[in-house]
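Trainee: need the 3D shape of this:
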Amino acid sequence: MEITYASPSFSDLSATVPSSMPSSATAARPVRIIPLQHPTLSPAPSSSSSPNVAFSRWTAKLRRMTWLEWMEFFLPCLRWIRIYKWREYLQVDLMAGVTVGVMLVPQSMSYAKLAGLQPIYGLYSGFVPIFVYALFGSSRQLAVGPVALVSLLVSNVLSRIADPSSELYTELAILLSLMVGIMECIMGLLRLGWLIRFISHSVISGFTTASAIVIGLSQAKYFLGYEIDRSSKILPLVKSIIAGADKFSWPPFVMGSIMLAILLVMKHLGKSRKHLRFLRAAGPLTAVVLGTIFAKVFHPSSISLVGDIPQGLPNFSIPKAFEYAKSLIPTTLLITGVAILESVGIAKALAAKNGYELDSNQELFGLGVSNVVGSFFSAYPTTGSFSRSAVNHESGAKSGVSGIVSGIIMTCALLFLTPLFEYIPQCTLAAIVISAVIGLVDYDEAIFLWRVDKKDFLLWTITSTATLFLGIEIGVLIGVGVSLAFVIHESANPHIAVLGRLPGTTVYRNVKQYPESYTYNGIVIVRIDAPIYFANTSYIKDRLREYELDVDGSTRRGPEVEKIYFVILEMAPVTYIDSSAVQALKDLYQEYKLRDIQIAISNPSPEVLLTLSRSGLVELIGKEWYFVRVHDAVQVCLQRVQSLKAGPKSSQTPLSLSEDKPSYFARLLKERGENLSITDLESGNSRPPLPRDRDSQVEPLLPKDR
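Mentor: The predicted structure is shown next:
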């Protein structure tokens, strides 16, 4: 019995042989081909079907939610309250909360000064938002409050609108907190947190590094003893520092340097030795206590102090200055982006370390609510702090109880300790800020990027340089713009590989990655490693034309022919194809047809195959030219190339299998006495050694002995 080609649409492939090809193709060596199941065409779905399906799933999910799940949805704190182990968790939560609270009090005053506000507003920002986040936030270790980067953004924008010493400046900072909170809530409810994924890690690292340098220079005035210009660019800051060098004062510089050294040593010891972990959190408080004692005892006139701080809790008040809201929208978006990048990233990492899942959109909503409520109690924008969250985690925090304890520490500070804060030296608060932002200078990341990916290093360099010399907003825009440009470039110029067969297998891989692989004369096998859409169709067509003219110079097998007759497209990595790509394939087919070249498609996904069927491309190319495996396509194309090489004489060549003459595989198996099927041999699962005198035309797909 003669074995012929197997195809889902054509049982006899000879019926579709082009007129230019000899009729002897049907007499070629029989091959085994896995049938490709073509989809049954149905009317194209309406454009609204997908949204309707998604909406139906969402409503069904809501209907399945119990009353307890609804409560947990609005109050995520119930998730940890239900499983809270009081005897096991309460003690470590109390210790972690006290540790972070002690760290937060001096840091909040320092960051308020960085934001251009009075220290009391830093204490307010570390009071109400902590309690609100404990209820609405989903992270159990994230420490919320003022942070250096957001404080710098607030100062940079508001100083252009109002004088930092004016009441309007404070009102704008509080209004900014309300706007940031509303934006975060909207993004959380609409589940838009995924938008920040388009900002690469290189951009974030470059931005934070440059911002840390600017923050450090902005605090130099408290060390040097004279005023410098307020700016987010490095050149004005450096010029101002140099211009006022004649006003330099030794006492604040010496005291600030000593405090900074104490902070850095305590931070290093706390990180490097586990039994001294408490030193990392106690550093800011130690510096404040030592500075206050020194100022209280010696009353140095050349060292400026914080001054009078109002005692008591903040009053409820509605934010004002709404007429400036429009001008604050860009900064609102920027601060929201920073909050997502910093807080949600930290929260996810801590959740993974502590074995629970975290919904980034729910987290964003919790941050938004804490900012909205905080704005009614005189708080400026807050977010999750990297340093305090790390200390909270290292201290063993298990739930939001640690945040509540930190809030209680802040409450006590507002009620009872503000008279003592009057004697805190300004240079001490500046030292706390500088010690905190030193860790943001990510030079290790730059070295890593240089070693691993020069393109990401270039992105890091562009972002940090633009932020330093052009300002924070422009630096972020340039970094994000260049990052998106890289994404678009990679998408519009996808990776395309010429495939060759690995010796002794039916596996086809990139000939550049596997130099031992070999190709076949007259056949080009190309794999497209990306979705095909309007932006990359021209690039793909150009590369295919190049491969037709200049195929990779790997080892060739098969009959010697002078040109390419078949182009096989391996489409397994292609997850999507649009109408522009379909039209491009049609144009390519017509071009190839004029040059007697046939396209074959291998392993398309069901979605891609359905699109090709609806567009008529399957019928245009021919259903018999769609295959499950690359190997199947190669078998069919190679027989056609053989028939073209052999010409009319090929009809006399005994390549077909018949009942009277056993196949080469059957004779080989009989000689070896092994129980192996032809399918096993062809798939490459089991392959016995081939005799040296075999006829290469009988099984041209197997490699020659070397």
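Trainee: isn't residue 259 up against residue 428?
Mentor: Yes. Under the criterion of Cβ atoms under 8 Å, residue 259 is in contact with residue 428, at a separation of 5.1 Å. Heads up, the C-betas are built off the backbone N, CA and C, glycines and all.
Trainee: just want to know which of those two has more residues nearby.
Mentor: residue 428 (32 against 28; other Cβ atoms under 10 Å).
Trainee: mind checking the SS state of the most centrally placed residue in the chain?
Mentor: Geometric centre of the chain, nearest residue: residue 197, 4.8 Å, by Cα atoms, centre = their mean. At residue 197 the chain is in helix, as set by DSSP: H, G, I helix; E, B strand; the rest coil.
Trainee: shared neighbours, residue 259 and residue 428?
Mentor: Common neighbours of residue 259 and residue 428 (criterion: Cβ atoms under 8 Å, 6 or more residues apart in numbering): 287, 290-291.
Trainee: what strand or helix carries the residue lying closest to residue 195 once chain neighbours are set aside?
Mentor: Distances taken as Cβ to Cβ, 6 or more residues apart in numbering put residue 187 closest to residue 195, at 7.8 Å, once the chain neighbours are dropped. Element membership of residue 187, judged by DSSP states H and E, is helix 167-189.
Trainee: what packs against that helix?
Mentor: With contacts defined as 3 or more Cβ pairs under 8 Å, 6 or more residues apart in numbering; DSSP states H and E, helix 167-189 has these neighbours: helix 119-125, helix 148-161, helix 325-339, helix 360-375.
Trainee: got TSV for those helices, with distance to residue 78 too?
Mentor: Below are the helices and strands packed on helix 167-189 laid out as TSV (distance: least, Cβ to Cβ, whole Å):
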stretch	distance to residue 78
helix 119-125	26
helix 148-161	29
helix 325-339	24
helix 360-375	12
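Trainee: from the shared contacts of residue 259 and residue 428, which single one is nearest residue 454?
Mentor: residue 287 (41.2 Å; Cβ to Cβ).
Trainee: can I assume that closest one is in contact with residue 431?
Mentor: Yes. If you go by Cβ under 8 Å, residue 287 and residue 431 touch, sitting 6.2 Å apart.
Trainee: more neighbours, those two?
Mentor: With other Cβ under 10 Å as the criterion, residue 287 and residue 431 differ in neighbour count, and residue 431 comes out ahead with 30 against 27.
Trainee: who's in contact with the more buried one?
Mentor: Contacts were defined as Cβ under 8 Å, 6+ apart; by that measure residue 431 touches 256, 259-260, 263, 287.
Trainee: rewinding a little: okay, and the common contacts of residue 287 and residue 431?
Mentor: Residues touching both residue 287 and residue 431 comprise 259, 263, with contact defined as Cβ under 8 Å, 6+ apart.
Trainee: what about residue 415, how many residues nearby?
Mentor: 11.
Trainee: quick one: it from residue 382, how far?
Mentor: In this structure, residue 415 and residue 382 are separated by 20 Å, where distance is defined by Cβ to Cβ, to the nearest Å.
Trainee: equivalent analysis for residue 578, please.
Mentor: Here residue 578 is placed at a distance of 44 Å from residue 382 (Cβ to Cβ).
Trainee: more neighbours, the two?
Mentor: For residue 578 and residue 382, the more surrounded residue by other Cβ under 10 Å is residue 382, and the numbers stand at 32 against 15.
Trainee: in this protein, which spans are strands?
Mentor: 143-145, 383-385, 496-501, 508-510, 518-520, 523-528, 555-557, 566-570, 598-602, 626-627 (DSSP state E).
Trainee: and the last one, average pLDDT?
Mentor: So the one you mean is strand 626-627. Across strand 626-627, pLDDT averages out at 93.
Trainee: now for that strand, which elements pack on it?
Mentor: Taking 3+ Cβ pairs under 8 Å, 6+ apart as contact, the helices and strands that strand 626-627 lies on are strand 598-602.
Trainee: the strand it packs on vs strand 523-528, what angle?
Mentor: Taking axes from the mean of the first three to the mean of the last three Cα atoms, to 10 degrees, one finds strand 598-602 and strand 523-528 inclined to each other by 50 degrees.
Trainee: relative to strand 598-602, what are the paired strands and their orientations?
Mentor: When pairing is defined by DSSP bridges, strand 598-602 lines up against strand 566-570 (parallel), strand 626-627 (parallel).
Trainee: from the chain's centroid, how far away is that strand?
Mentor: From the chain centre to the centre of strand 598-602 is a distance of 35 Å (Cα atoms, centre = their mean, to the nearest Å).
Trainee: same check on stretch 290-306?
Mentor: Taking Cα atoms, centre = their mean, one finds the center of stretch 290-306 at 48 Å from the center of the full chain.
Trainee: what's the first-to-last distance across that stretch?
Mentor: One end of stretch 290-306 to the other measures 15 Å (Cα to Cα, to the nearest Å).
Trainee: for the remainder of this discussion, apply numbering that starts at 21.
Mentor: New numbering, starting at 21: the last item is stretch 310-326.
Trainee: buried set for it?
Mentor: 310-312, 314-315, 323-326 (16 or more other Cβ atoms under 10 Å).
Trainee: adding pLDDT and distance to residue 593, write those residues out as TSV.
Mentor: Rendered in TSV, the data for the buried residues of stretch 310-326 read as follows (pLDDT from 0 to 100; distance: Cβ to Cβ, whole Å):
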residue	pLDDT	distance to residue 593
310	93	62
311	92	62
312	92	64
314	92	67
315	91	67
323	89	66
324	89	64
325	90	65
326	89	61
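Trainee: nearest to residue 359 among those?
Mentor: Taking the buried residues of stretch 310-326 together and measuring to residue 359 by Cβ to Cβ, the closest member is residue 326, at 27.4 Å.
Trainee: pull the number of nearby residues for residue 475.
Mentor: A count of neighbours around residue 475, defined by other Cβ under 10 Å, yields 13.
Trainee: do you know the pLDDT at it?
Mentor: Among the per-residue scores, residue 475 shows a pLDDT of 90.
Trainee: how near is the spatially closest residue to it that is not a sequence neighbour to residue 495?
Mentor: Once its chain neighbours are removed from consideration, residue 475 has its nearest residue in residue 506; the separation is 6.7 Å (Cβ to Cβ, 6+ apart). With the distance defined as Cβ to Cβ, residue 506 ends up 17 Å from residue 495.
Trainee: then residue 462?
Mentor: Taken as Cβ to Cβ, the spacing of residue 462 relative to residue 495 amounts to 15 Å.
Trainee: those two: which has the busier surroundings?
Mentor: Just comparing residue 462 and residue 495: by other Cβ under 10 Å the higher neighbour count belongs to residue 495, 26 against 19.
Trainee: let me know whether the more buried one touches residue 233 as I believe.
Mentor: No. With contacts defined as Cβ under 8 Å, residue 495 does not count as touching residue 233, sitting 11.6 Å away.
Trainee: which neighbours do those two share?
Mentor: Both residue 495 and residue 233 are contacted by residue 488, under the criterion Cβ under 8 Å, 6+ apart.
Trainee: can you map out the helices along the stretch 571-720 of the chain?
Mentor: Taking DSSP state H, counting those that start in this stretch as the criterion, the stretch 571-720 of the chain contains helices spanning 599-614, 626-634, 637-641, 650-666, 684-692, 698-703.
Trainee: nearest to residue 388 among those helices would be which one?
Mentor: Using Cβ to Cβ as the criterion, the shortest distance between residue 388 and the helices of the stretch 571-720 of the chain is 36.9 Å, found for helix 626-634.
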